[in-house]
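K.L.:
Just need the structure, nothing else, for what follows:
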Amino acid sequence: MTTPEIIDQIHELIFEDRRISAKSIAEQLGISREWVGSIIHEDLDMRKVSVKSVPKCLNADEERQRCQSSEQIWEFFRRYSNDFLLRLVNMDETWLYNYDPGTKQQSMEWRHSGSPRPKKFRVQKSAGKVLASILGDQDGILLVDYLPKGQTINAEYYSSLLVQLKDILKEKRRGKVTKVVLFLHDSAPAHRALASQKKLAYLGFRCLDHPPCSPDLAPSDYHLFPGIKKNLKARHFSSDAKVIAAADTWLDGQPSEFFF
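P.N.:
So this is what the prediction gives:
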């Protein structure tokens with residue numbers, strides 16, 4: 001018989017050790033494991049859940065910087081509330097692999113009831129890959145640059161991309177150029193370099209601060225890149241050129257609503 005005393009004892013043991021097993025509780029209280037499980041689920045309404053992985057545990061300075069950055073973005077939004085998204089240009093980089101193993105969901109198969117589950121061996125991503133720099137706004141992609149083999153993105157290379165972006169804005173988004181362009185990129189070394197910051201100021205871009213370990217502030221990290229990578233997963237490409245062609249085809253095929 002379940003009594004308030006037993007429920008309280010189980011509750012107390014859980015508070016003392018959130019990872020305690022139902023078997024351990026049953027042994028300590030001298031009752032069945034099934035009884036413990038019933039009390040936990042039905043009387044205490046508790047479930048055992050796994051932890052959620054986060055990019056990094058921020059220290060006090062990083063937390064303060066993130067708050068300041070978020071307040072700055074909020075202030076820009078209030079100042080340009082009528083056309084904030086129209087002014088916004090986002091830039092980010094991502095690796096595209098010649099072979100990226102498919103997810104478990106992509107490997108699902110129809111099977112009869114009672115049939116054994118299919119097996120999926122763990123496979124590593126290929127060594128062949130290309131770095132894509134993608135710049136876009138609410139209306140679509142403005143510029144896609146694929147880093148040539150043997151080169152790295154430094155301040156000089158990044159500054160040249162910013163100049164190309166300015167020219168493309170003049171050609172495709174003349175209305176945006178006449179306004180203050182709000183430019184959002186992450187805190188990569190080439191982005192933070194003094195030469196890059198001077199080039200942004202010279203081109204008339206107002207840079208939004210993006211604190212470290214904050215991928216949720218960049219739309220590409222949680223919306224654009226997952227779409228590209230899902231399309232390329234489980235596909236074998238014999239060269240970087242074919243990976244690039246597949247990525248360009250996918251980007252060109254997205255409607256304007258996707259980017260908005």
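K.L.:
now the helices: where do they sit in the stretch 151-260 of the chain?
P.N.:
155-172, 174-177, 189-192, 194-203, 219, 225-232, 240-252, 256-259 (DSSP state H, counting those that start in this stretch).
K.L.:
Which strands or helices does the fourth one pack on?
P.N.:
On a contact count with 3 or more CB pairs under 8 Å, 6 or more residues apart in numbering; DSSP states H and E, helix 194-203 meets helix 155-172. (C-beta placed from N, C-alpha, C; glycine too.)
K.L.:
what comes into contact with the helix it packs on?
P.N.:
Residues outside helix 155-172 that contact it (CB atoms under 8 Å, 6 or more residues apart in numbering) are 89, 91, 133, 135, 142-143, 145, 147, 151, 176-177, 181, 190-191, 193-196, 199-200, 203, 205.
K.L.:
Buried residues in stretch 49-59, which are they?
P.N.:
Within stretch 49-59, the residues that count as buried by 16 or more other CB atoms under 10 Å are residue 58.
K.L.:
I'd like the average pLDDT over that stretch.
P.N.:
Throughout stretch 49-59, pLDDT has a mean value of 76.
K.L.:
Stretch 115-125 too?
P.N.:
Average pLDDT, stretch 115-125: 71.
K.L.:
Straight-line length of it, end to end?
P.N.:
Separation of the first and last residues of stretch 115-125 by CA to CA, to the nearest Å is 30 Å.
K.L.:
For this structure, give me the ranges with low pLDDT.
P.N.:
54-55, 104, 106-109, 111-112, 119-123, 215-216 (pLDDT under 70).
K.L.:
To residue 83, which of the helices of the stretch 151-260 of the chain lies closest?
P.N.:
helix 174-177 (9.3 Å; CB to CB).
K.L.:
out of the helices of the stretch 151-260 of the chain, which comes closest to residue 210?
P.N.:
helix 189-192 (8.2 Å).
K.L.:
which helices and strands sit right next to the closest one?
P.N.:
In terms of contacts (3+ CB pairs under 8 Å, 6+ apart), helix 189-192 is packed against helix 155-172.
K.L.:
quick one: buried residues of the helix it packs on?
P.N.:
155, 157, 158, 159, 161, 162, 165, 166, 169.
K.L.:
for stretch 80-89, same thing?
P.N.:
So, applying 16+ other CB under 10 Å, buried residues of stretch 80-89: 80, 86, 87, 88, 89.
K.L.:
just stretch 211-227 next, same as before
P.N.:
Buried residues in stretch 211-227, counted by 16+ other CB under 10 Å: 211, 214, 217, 218, 219, 220, 221, 224, 225.
K.L.:
In space, what's closest to residue 144 - neighbours in sequence excluded?
P.N.:
In this structure, residue 144 finds its nearest non-sequential neighbour in residue 134, 5.3 Å apart by CB to CB, 6 or more residues apart in numbering.
K.L.:
That neighbour and residue 80, how far apart?
P.N.:
Computed as CB to CB, to the nearest Å, the residue 134 to residue 80 distance reads 23 Å.
K.L.:
burial count for the residue nearest to residue 144?
P.N.:
Close neighbours of residue 134, defined as other CB atoms under 10 Å, add up to 21.
K.L.:
surely it meets residue 147?
P.N.:
No. If you go by CB atoms under 8 Å, residue 134 and residue 147 don't touch, sitting 11.9 Å apart.
K.L.:
Need the overlap of contacts for these two.
P.N.:
Overlap of the contact sets of residue 134 and residue 147 (by CB under 8 Å, 6+ apart) is empty.
K.L.:
Which members of the buried residues of stretch 211-227 are the farthest-apart pair?
P.N.:
Among the buried residues of stretch 211-227, 211 and 224 lie farthest apart (CB to CB), at 20.3 Å.
K.L.:
before we move on, the earlier item: export the helices of the stretch 151-260 of the chain to CSV and append columns for distance to residue 12.
P.N.:
Shown next, in CSV, are the helices of the stretch 151-260 of the chain (distance: least, CB to CB, whole Å):
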stretch, distance to residue 12
helix 155-172, 58
helix 174-177, 61
helix 189-192, 51
helix 194-203, 57
helix 219, 46
helix 225-232, 43
helix 240-252, 55
helix 256-259, 52
